[in-house]
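S.K.: My questions concern the predicted model and sequence given below.
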Amino acid sequence: MLCLKAGRLEGRFQSPPSKPMSQRYLLAAALAEGETEITRIEWSDDVVATARAVQPISSILIKGDRAVVSRREPDFYRAFNVGESGFTLRTAVSVYAGIPGLTAVYFGGTLRGRPIDELIEVLRKLTEVVKLPGAVIIKGKELGRLEVEIRADISSQYISGLMFLAAVGSGGVIKPLGERKSWSFVEATAEVLRAFRAEVKLGEYIEVGGRMKSPGKLAVPGDFSLSAFLVVAGVATGGEVEIRGPLSKLDEPLVNAFKAMGVDITTGEGWVRAKGGFYRGIDVNLSDNPDLVMPTALAAGMVEEESTIRGVETLRYKESNRIATVIDVLERLGVQVRHEKDAIYIKGPPKRRDVAFSSHGDHRIGLMALAASKIVGGCVDDISPVAKSWPAAVLYFISE
Ligand SMILES: O=C(O)C1=C[C@@H](OP(=O)(O)O)[C@@H](O)[C@H](O)C1
Ligand SMILES: C=C(OP(=O)(O)O)C(=O)O
């Protein structure tokens, strides 16, 4: 159990590097022709999971926060554990379907209860795939041009996985079915594939063409979906916070949400500065950006005016059922909160002090609970899940 006293949080902090961008760069670098140097990587559990997943097809030289990655002759037998990384599981099972050889992908923890079956069903039309408890076994082969359809309303990582699979082989067309969720992550995959010289068109269909070629050097941007918890704790306690590290496109809507709440927030080349307070409620749809719900919800909990966060449906498929666990953190704060249909309604401010929080085994809920503890004083039962994305976070909160 980690306990924090309520008090002002302020100062300059280094943002963790973006987990989704680190993972995409590692995967693309392992599949592309030529050598790629990736800088500003943090070796969180999920990023290490991606490194393990690409090791059987690439050589990776690690020097601190840098990785030099190049494609090599794939091993025929490849087996690795992706731990709890949804991105790594869903992209690895897809990509290895298109590379001749046998692959065992192990997974564990919270990932055992998260969706994968719809993707496996699609891959089974292409090659032999067996799902066991905690493992998927894939017989990979040359697939030719890909033509598949996949549900878009469960996890965008199904689509990202198939986009990488198309880029490994002779390209192809993916038809997303139903409502498109977490679409900013499909766009991020398209952006990375394009950086690796693949052609990608996003429209009614997704078209992927061309083989991947390394762009040479890439620097990972910051992850404001994570470092924003320092901003929420800082602004809510009257502090001024500066986050160092370039803002990823994925996280821009969060800066806009904070602005709409009345925060004095400015961004520049490689930094975000915030001060003031959360003064106004907001009505925002985060269906394209589910990872931004947690910091937005905590910020909304500071405001007397009611806020509405829409598009939260797929949050139930994450490391915890985040509809329930976000509500749990807010209720423990004494904030009024309710969930109806696809939206969470939040009306602050917090009414309780010295609160016992739970991370519910989920890194983003653990971070939300750490920030909440700094604001009202409190304890988090188990902070170990934060190692999934941002192991250093806890040090920033305790060193204040
Ligand atoms: O592709 C990615 O890197 C991610 C996609 C999103 O998941 P879903 O597409 O499953 O919603 C997001 O929540 C996750 O943290 C990272
Ligand atoms: C859901 C997450 O990641 P993944 O799906 O890759 O496990 C997350 O980081 O919140």
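M.R.: Cool, the structure landed. Ligands and ions are numbered 1, 2, ... in the order given.
S.K.: Just the CA trace of stretch 75-95, in PDB.
M.R.: This file holds the C-alpha atoms of stretch 75-95, laid out as PDB (Å, rounded to 0.1, in the frame of the first residue of the first chain):
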ATOM      1  CA  ASP A  75      13.400 -18.200 -36.800                       C
ATOM      2  CA  PHE A  76      11.100 -21.100 -37.900                       C
ATOM      3  CA  TYR A  77      10.100 -21.900 -34.300                       C
ATOM      4  CA  ARG A  78       9.200 -18.700 -32.300                       C
ATOM      5  CA  ALA A  79       7.700 -18.600 -28.800                       C
ATOM      6  CA  PHE A  80       7.300 -15.600 -26.500                       C
ATOM      7  CA  ASN A  81       5.200 -14.200 -23.700                       C
ATOM      8  CA  VAL A  82       3.400 -10.900 -24.400                       C
ATOM      9  CA  GLY A  83       2.300 -10.600 -20.700                       C
ATOM     10  CA  GLU A  84      -0.700  -8.200 -20.500                       C
ATOM     11  CA  SER A  85       0.000  -6.200 -23.600                       C
ATOM     12  CA  GLY A  86      -3.200  -6.200 -25.800                       C
ATOM     13  CA  PHE A  87      -1.400  -4.400 -28.600                       C
ATOM     14  CA  THR A  88       1.400  -6.900 -28.700                       C
ATOM     15  CA  LEU A  89      -0.900  -9.900 -28.600                       C
ATOM     16  CA  ARG A  90      -3.200  -8.700 -31.300                       C
ATOM     17  CA  THR A  91      -0.500  -7.500 -33.700                       C
ATOM     18  CA  ALA A  92       1.800 -10.500 -33.100                       C
ATOM     19  CA  VAL A  93      -0.800 -13.200 -33.800                       C
ATOM     20  CA  SER A  94      -1.700 -11.300 -37.000                       C
ATOM     21  CA  VAL A  95       1.800 -10.600 -38.300                       C
END
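S.K.: Tell me which residues of it come out buried.
M.R.: Of the residues in stretch 75-95, 78, 80-95 count as buried by neighbour count, 16 or more other CB atoms under 10 Å. For the C-beta atoms, the positions are set from N, CA and C on the backbone; glycine is no exception.
S.K.: for ligand 1, what are the nearby residues on the stretch 301-400 of the chain?
M.R.: Residues of the stretch 301-400 of the chain lying near ligand 1 by CB under 6 Å from any ligand atom: Thr314.
S.K.: Tell me where the stretch 301-400 of the chain has helices.
M.R.: Counting by DSSP state H, counting those that start in this stretch, the segments of the stretch 301-400 of the chain that form helices are 322-333, 363-376, 393-398.
S.K.: Among those, which one carries the weakest average confidence?
M.R.: Across the helices of the stretch 301-400 of the chain, helix 393-398 has the smallest mean pLDDT, namely a mean of 93.
S.K.: In that helix, which residues are buried?
M.R.: Ala393, Val394, Tyr396, Phe397.
S.K.: For it, which outside residues touch it?
M.R.: With contacts defined as CB atoms under 8 Å, 6 or more residues apart in numbering, helix 393-398 is touched by 2, 4, 9, 13, 16, 226, 229-230, 233, 367, 370-371, 373-374, 383, 386.
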